[in-house]
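[1] sharing a model that was predicted from the sequence below.
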Amino acid sequence: MEKPSFQIVKNDINSFISFGMKTAIVFNPKIGGDFFGNPATISSRHFDVASEDDYLKEHGNIHDNSCFLFELSDGASIQIFYEFKKKYRKKMYLSKMNLAYLPPVDEDTGKIRNEYIRADYDSEVNNSFFHPDVHLHIGFSNSIRIPLNHLFTLSDFCHLIFYLFYNDHYLKMVEKTSAISHTFSSGEKDVLSNCHVISTELLDKCYLKVNFTGRD
């Protein structure tokens, strides 16, 4: 029997935070009480980031007011928002999604480390070809929208964030005890090179598909 989307998201959050606490990846989670009490939304407390200056100014307040689902050891945090709508009598579907990585701020320099990353989805907006329904923002300017081929659960999103910024956390998630040695697959040929330039491990996890010229 198909699980309702609400239950899929809820189970993933609980499972990931439990794993994160056991492996010392996740700190200060905010899922107590009636966190899952509203069947229409699953959401952490939020801070809407308008710019890098805005973020730097409010970073302390974000922490003090617990505007996150959980924190990481370096002071970074993760925000989530899911909204569900009933399409049929017993079917609930995800209608909106917003997952954000709020990067750490260096206490000595007052500058951010890493990049702000956000994944967005809104089924109620009639988006154009150049504003895909599901997309990834990189940086505070919101000028980059990378199309995504599926909606993120929390663990999906953290796979990406940890791969980009926290290699040791990523290896824990994929149950690797040592670093992966290379990023290409030497046993296969590519169109322009003597090897396939992305590893099987990355193909199974996350990568940007590039085929603008129509090459097979």
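    Okay, I see it.
[2] hey, let's count contacts and neighbours off CA atoms from now on
    Fine.
[3] and D64, what are its phi and psi?
    Main-chain dihedrals, D64, degrees, to the nearest 10: phi -60, psi -30.
[4] how far away is it from E71?
    For D64, the distance to E71 (CA to CA, to the nearest Å) stands at 12 Å.
[5] what's the answer for F157, then?
    Using CA to CA, one obtains 14 Å as the distance from F157 to E71.
[6] check the secondary structure at the residue nearest to F157 when sequence neighbours are not counted for me.
    Among residues not flanking F157 along the chain, L99 sits closest, at 7.5 Å (CA to CA, 6 or more residues apart in numbering). Put simply, L99 is strand when judged by DSSP: H, G, I helix; E, B strand; the rest coil.
[7] quick one, what contacts D122?
    S95, K96, M97, D133, V134 (CA atoms under 8 Å, 6 or more residues apart in numbering).
[8] bridging residues for it?
    K96 (DSSP bridges).
[9] the strands in the chain, which residues?
    Applying DSSP state E to the chain gives strands spanning 41-43, 70-71, 77-88, 91-102, 117-122, 134-138, 146-147.
[10] which residues touch stretch 154-162?
    So stretch 154-162 is in contact with 9, 12-13, 16, 80, 99, 101, 168-170, 173, 205-206, going by CA under 8 Å, 6+ apart.
[11] next one: the spatially most central residue of the chain, what pLDDT does it get?
    Central residue check for the chain by CA atoms, centre = their mean: the C-alpha nearest the mean position is that of F157, 2.5 Å away. As predicted, F157 sits at a pLDDT of 95.
[12] need the strands of the chain in a markdown table with mean pLDDT, can you?
    Output for the strands of the chain, formatted as a markdown table (pLDDT from 0 to 100):
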| stretch | mean pLDDT |
| --- | --- |
| strand 41-43 | 95 |
| strand 70-71 | 97 |
| strand 77-88 | 90 |
| strand 91-102 | 92 |
| strand 117-122 | 93 |
| strand 134-138 | 91 |
| strand 146-147 | 88 |
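[13] could you look over those and pick the most buried one?
    Ranked by mean neighbour count, the strands of the chain are led by strand 70-71 with a mean of 22 (mean count of other CA atoms under 10 Å).
[14] how far does that strand sit from the chain's center?
    Put simply, strand 70-71 sits 13 Å off its chain's centre (CA atoms, centre = their mean, to the nearest Å).
[15] quick check: domain ranges of this structure?
    The chain is divided into the following domains under automatic domain parsing: 5-179, 180-216.
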